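J.: This is a predicted model, with the sequence first.
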Amino acid sequence: MKLPKSKNRKKNTGLAPGTIVFTGKRKVERIQIHYMEYREEHYTIQDLDNYTINDFHQPNPEMVQWYDIRGLHDPELIQGLGEVFRIHPLALEDIADTEQRPRMDEYVNGIFVTLKALNFDKEQRLLNPEHLSLYLTNEGTILTFQEDAEDLFASVRGRLEKSSGRIRKRKSDYLFYALMDTIVDDYYLVLEAMEEAMDDLEESILASASTDNRNDIYALRQELSQFRKFVFPLRELVKSLGLVEEGFFAEATEAYLRDLFDHVSHLLEMTDTYRDGLQSLQDLLLAELSFRTNNVMQMLTIISSIFIPLSFLAGVYGMNFTHMPELEYRYGYFILLGFMAVVVAFLLYYFKRKDWL
């Protein structure tokens, strides 16, 4: 993942608090608004293509109402939603601020949560965050704001359509939990992909260690650090949800929030474990590079050891003394070559016995 540039933060510098400014770069081709309402025996979904303020339904205590907005680059739409559902201006500002860290705020008219949806590109070893916000009103209406057009909550929507499990039997507080739980479950998939990338790196190092592996380890460590940066505030966020004013979350839902807190804590523990694993990969890479260097040096030493006596013999008979009897012997050249071959064979045999080859 590339670190955000500081110039993105300058878009809302000097503006009044609550000013809605889209700080991201990704814009959907067309903002989509999907409306769902349900109870145990009823489910309705509606796409608001040509939406107006009148298209937003009045709160219905008999129904759980969910607006899913995909696309954050229209300040007027976000402002309009804020007026209809009485969303605090600071929450509206954070909805459009894609650089906002995960956090939870409790307002008079509702609970606001912003966090990051994550996926990991194993080929490029890049962590891709998507800005995501959830708002639960006092009346029980839920609004979700996704940065991209891709549906992050397809699994929840499928459970609602099939009326499977307990989700259709519960109120909006449970849906709010289920949406967050889906994002946290995706974090496990991200860590699983990172683990596979680490396994591939280990195989590559053992097969052929190189400086490219060092760069890959460093890049993966950076992405893991970014992952922890997004997950770490989430633990305090989920903990804070269990401490909000009575009435937002039923006692049964609070039990699921505690389970969600355990999942986030487990994710952080896994992150620390993987960080230690990357350090082990770094140590393995250094050991492999050192081992290969030692092998090269050993081979060069063996070659040098073989040629030292040969160079000595060649040097002796390369001297320009007049009286050297061996120079006048008819078979002296062949005898010297044979003796050199014997020396080479003996040294190779000796090195083999010492297990140096």
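T.: Ah, there it is. Numbering: from 1, shown residues only.

J.: From now on I want contacts and neighbour counts done on CA atoms only, so please keep to that.
T.: Will do.

J.: continuing past the helix or strand hosting Glu288, what's the next helix or strand?
T.: Element membership for Glu288 (DSSP states H and E) is helix 251-316. Next along the chain after helix 251-316, taking DSSP H and E as the criterion, comes helix 325-328.

J.: mind listing what's buried in the following helix or strand past that following helix?
T.: Downstream of helix 325-328, the next assigned helix or strand under DSSP H and E is helix 332-353. For helix 332-353, the neighbour count (16 or more other CA atoms under 10 Å) marks 336, 340, 343-344, 348 as buried.

J.: Run through the neighbouring helices and strands of helix 332-353.
T.: Other elements packing on helix 332-353 under the criterion 3 or more CA pairs under 8 Å, 6 or more residues apart in numbering; DSSP states H and E are helix 251-316.

J.: For the helix it packs on, give the mean pLDDT please.
T.: Mean pLDDT, helix 251-316: 89.

J.: any idea how far it is from the chain center?
T.: 21 Å (CA atoms, centre = their mean, to the nearest Å).

J.: same question, stretch 218-235
T.: With CA atoms, centre = their mean, you get 7 Å for stretch 218-235.

J.: Just the buried residues of that stretch, please?
T.: Applying 16+ other CA under 10 Å to stretch 218-235 flags 219-224, 226-228, 230-235 as buried.

J.: what number of residues lie near the closest residue to Pro17 other than its chain neighbours?
T.: Take Pro17 and drop its neighbours on the chain: the residue closest to it by CA to CA, 6 or more residues apart in numbering is Leu90, 6.7 Å away. When neighbours are counted by other CA atoms under 10 Å, Leu90 registers 15.

J.: Surely Leu90 touches Ala16?
T.: No. Applying CA atoms under 8 Å, one finds Leu90 not in contact with Ala16, separated by 10.2 Å.

J.: Val343 and Ala117: what is the separation?
T.: According to CA to CA, to the nearest Å, Val343 stands 70 Å off from Ala117.

J.: Roughly how far does the residue nearest to Pro17 sit from Gly82?
T.: 10 Å.

J.: Low-confidence regions, the protein specifically.
T.: 1-14, 51-55, 164, 246, 357 (pLDDT under 70).

J.: picking that back up, host element of the residue nearest to Pro17?
T.: helix 89-96.

J.: same for that helix, what does it pack against?
T.: Helix 89-96 packs on helix 75-85, strand 110-121, going by 3+ CA pairs under 8 Å, 6+ apart.

J.: Residues contacting the last one, please?
T.: Translated: strand 110-121. 87, 91, 94-95, 100-106, 126-138, 152, 183, 186-187, 189-190, 193-194, 230, 234, 237 (CA atoms under 8 Å, 6 or more residues apart in numbering).

J.: Please work out how many residues are found near Thr144.
T.: Thr144 has 23 nearby residues by other CA under 10 Å.

J.: Who does it form a beta bridge with?
T.: Asp68, Leu134 (DSSP bridges).

J.: That one against Gly71, yeah?
T.: No. With contact defined as CA under 8 Å, Thr144 and Gly71 do not form a contacting pair (10.5 Å).

J.: any common contacting residues for the two?
T.: Contacts common to Thr144 and Gly71, judged by CA under 8 Å, 6+ apart, are absent.

J.: Find the centremost residue of the chain, please.
T.: For the chain, the residue nearest the mean C-alpha position is Leu127 (4.0 Å; CA atoms, centre = their mean).

J.: Dig out what that residue forms beta bridges with.
T.: Phe120.

J.: how far away is it from Ile217?
T.: Taking CA to CA, one finds Leu127 at 14 Å from Ile217.

J.: Next: Glu269.
T.: Counting by CA to CA - Glu269 and Ile217 are separated by 20 Å.

J.: Who has more neighbours out of the two?
T.: Ile217 (22 against 13).

J.: my guess is that one is in a helix, correct?
T.: Yes. Counting by DSSP: H, G, I helix; E, B strand; the rest coil, Ile217 is part of a helix.

J.: from what I can see it touches Leu278, true?
T.: Yes. Between Ile217 and Leu278 there is a contact under CA under 8 Å: 6.7 Å.

J.: So this structure: which segments form each domain?
T.: 18-287, 317-353 (automatic domain parsing).
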